[in-house]
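[1] This is a predicted model, with the sequence first.
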Amino acid sequence: MQQTWKEYQEQNKDRFLQELLELLRIPSISAKTENNADMQQCAEAVAQRLRDAGADRAEVMPTAGHPVVYGEKIIDPSKPTVLVYGHYDVQPADPLELWNSGPFEPVIKDGKIYARGSADDKGQFYMHVKAFETMVQTGTQVTNIKFLIEGEEEVGSPNLEQFIADNKELLRCDVILISDTAMLSLENPSMDVGVRGLAYIQVEVTGPNRDLHSGVYGGAVANPATILAKMIASCHDENNHIVIPGFYDDVVEATPEERELMARAPYDEAEYKKDLGVQELWGEKSFTTNERTGIRPTLEVNGMWSGYTGEGAKTVLPSKAFAKISARLVPNQSSEKITQMMLEYFRSIAPASVTVNAYNLHGGEAYMTPLDSKGYQAAAKAIKETFGKDPIPVRGGGSIPICAILEKELGVKIIFMGFGLDSDNLHSPNEKFNLDNYYKGIETIPHFHRYFAEG
């Protein structure tokens, strides 16, 4: 008698977990050249896992940067094809001293996997590999399935656009399925109907031609760190509204109906603040917390450094100060246009006492999924099948820069079917992924393929 999906998954769940832990031990940090060998090792491991799961083809394909892993199992060209997108690269683990355990030494505690990449995105794309294996081994694969697992998402996917353009026929599909987003909770499942765009710049402020003695020169020479702090502070007004000229010109305001729908999502402000360890929240006036992180653009400092930051004291007036600054964008905002606005703003407000060098790092466009699309409906039915309730449509605050390019080049819609949580410490120390969410994803994904094939 043929096994059911759940029976197969239950019998193999320990192996499913151990395989993920092995991937998490590989420090596949795309931003650091010192980890290039680890990137190659991880790509090869992913390709092997796809072959082990039943892919007829799985290979590591080169780009101008880190390689892409492609896999497929075509059962019938007349059946619909689902392309699964994910990424095997991870964010740097710094600051290491804030981790309770090694970022690449996975620890399971209180039903959670603690490791860099556990939720973003190794744990989430690996759900699809194990769901694929489940369908192959139980003889229930009803769609053609392709995998596109890249190695540069965390640095803006600079080489993936060319790869997609060069391999359109290889990647041809009817829908793209991505699990690199979150849901509200297992009790209140949700689906992202969109992600924000991104514009990311670096600003370098230079004062004197060398670091100076702060006693001898302090008060006579502009301090680049102070000037940069003032410039950054000037970006928001008293209502926390971004003042860069033209910043909001192309923003499409959410309708009252959409805002009302967002308000249905469960939200406990006291618990939200407790979890973050803050006394008060901050944001653009006249918008709720969920709206600020979903339907509104933002501007944030991602890093600042200047002068002496080592142990003890060193009384210097620094020669330079630096900041990495990013804007999250909403539909209809152009990342290229906003980047130019940001660069021009910092160049234009610099006082004569310093010089400013501002330049672009990377960016990407916002993306929205139609709720009436075949793919969204299939995903919503799949979640209802395993969770027992309809998912709440929400807008994600993060960015997946390649989404707009995928749709433009391949001409199909993207469905976000994430099983992580916003509290999973993505990009932060002690990143985690709940075991229940991992297994629930593996259980739910085959239902998506079934409903998509039926639709």
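    It's in.
[2] For the chain, name the helix or strand with the lowest mean pLDDT.
    helix 256-263 (a mean of 85; mean pLDDT, DSSP states H and E).
[3] and the spatially closest residue to residue 196 that is not a sequence neighbour, how many neighbours?
    What sits nearest to residue 196 in space, not counting adjacent residues and going by C-beta to C-beta, 6 or more residues apart in numbering, is residue 328, at 4.3 Å. Quick note: C-beta positions are derived from backbone N, CA and C, even for glycine. Counted with other C-beta atoms under 10 Å, the neighbours of residue 328 add up to 23.
[4] wait, doesn't residue 328 sit right on residue 399?
    Yes - contact criterion C-beta atoms under 8 Å: residue 328 and residue 399 qualify, at 6.4 Å.
[5] Just give me the residues shared between the contact sets of these two.
    Residues touching both residue 328 and residue 399 by C-beta atoms under 8 Å, 6 or more residues apart in numbering: 196-198.
[6] Between those residues, which sits nearest residue 404?
    Using C-beta to C-beta, residue 197 comes nearest to residue 404 of the shared contacts of residue 328 and residue 399, at 7.9 Å.
[7] residue contacts, the nearest residue to residue 315 once chain neighbours are set aside?
    The spatially closest residue to residue 315, leaving aside those adjacent along the chain, is residue 214, at 4.5 Å (C-beta to C-beta, 6+ apart). Shown in contact with residue 214 (C-beta under 8 Å, 6+ apart): 315-317.
[8] Please identify which of those is nearest to residue 185.
    Distance to residue 185, by C-beta to C-beta, is smallest for residue 316 among the contacts of residue 214, at 48.5 Å.
[9] excluding its backbone neighbours, what's nearest that closest one?
    Among residues not flanking residue 316 along the chain, residue 211 sits closest, at 4.6 Å (C-beta to C-beta, 6+ apart).
[10] Does the one you found touch residue 314 like I think?
    No - using C-beta under 8 Å, residue 211 is not in contact with residue 314; the gap is 9.0 Å.
[11] Which one of those two is surrounded by more residues?
    Shown here are residue 211 and residue 314; by other C-beta under 10 Å, residue 211 has more neighbours (17 against 11).
[12] Assign a three-state SS to the residue lying closest to residue 431 once chain neighbours are set aside, would you?
    What sits nearest to residue 431 in space, not counting adjacent residues and going by C-beta to C-beta, 6+ apart, is residue 425, at 4.6 Å. Put simply, residue 425 is coil when judged by DSSP: H, G, I helix; E, B strand; the rest coil.
[13] Distance-wise, check residue 425 relative to residue 432.
    Residue 425 sits at a distance of 6 Å from residue 432 (criterion: C-beta to C-beta, to the nearest Å).
[14] again with residue 337
    For residue 337 relative to residue 432 (C-beta to C-beta), the value is 37 Å.
[15] Give me the more crowded residue out of the two.
    residue 432 (25 against 16).
[16] Quick check: phi and psi at the closest residue to that one other than its chain neighbours.
    In this structure, residue 432 finds its nearest non-sequential neighbour in residue 112, 4.4 Å apart by C-beta to C-beta, 6+ apart. As for residue 112, its main-chain torsions (degrees, to the nearest 10) stand at phi -130, psi 140.
[17] How about the one 10 residues further on?
    The phi and psi torsions at residue 122 (degrees, to the nearest 10) take the values phi -60, psi -50.
[18] And for the one 10 residues further on?
    Main-chain torsions, residue 132, degrees, to the nearest 10: phi -60, psi -50.
[19] Report how many residues lie close to it.
    25.
[20] I figured it hits residue 52, correct?
    No - at 10.6 Å, residue 132 does not count as touching residue 52 under the criterion of C-beta under 8 Å.
[21] Identify the residues contacting the residue nearest to residue 316.
    By C-beta under 8 Å, 6+ apart, residue 211 lies in contact with 307, 316-319.
[22] got it, and residue 363?
    Taking C-beta under 8 Å, 6+ apart, we find residue 363 in contact with 156, 197-200, 335-336, 338-339, 401.
[23] do residue 276 as well
    Shown in contact with residue 276 (C-beta under 8 Å, 6+ apart): no residues.
[24] Mind checking which of the contacts of residue 211 land in strands?
    Members of those lying in strands (criterion: DSSP state E): 316-317.
[25] can you pick the most crowded of the contacts of residue 211?
    Neighbour counts for the contacts of residue 211 (other C-beta under 10 Å) peak at residue 317, which has 24 neighbours.
[26] quick one: it and residue 220 touch, right?
    No - taking contacts as C-beta under 8 Å, residue 317 lies outside contact range of residue 220: 9.3 Å.
[27] where does the residue nearest to residue 316 land on pLDDT?
    Per-residue confidence at residue 211 stands at 98 (pLDDT).
[28] hey, where'd the strands end up in the stretch 151-300 of the chain?
    For the stretch 151-300 of the chain, the strands defined by DSSP state E, counting those that start in this stretch cover 175-178, 190-195, 197-206, 212-213, 298-306.
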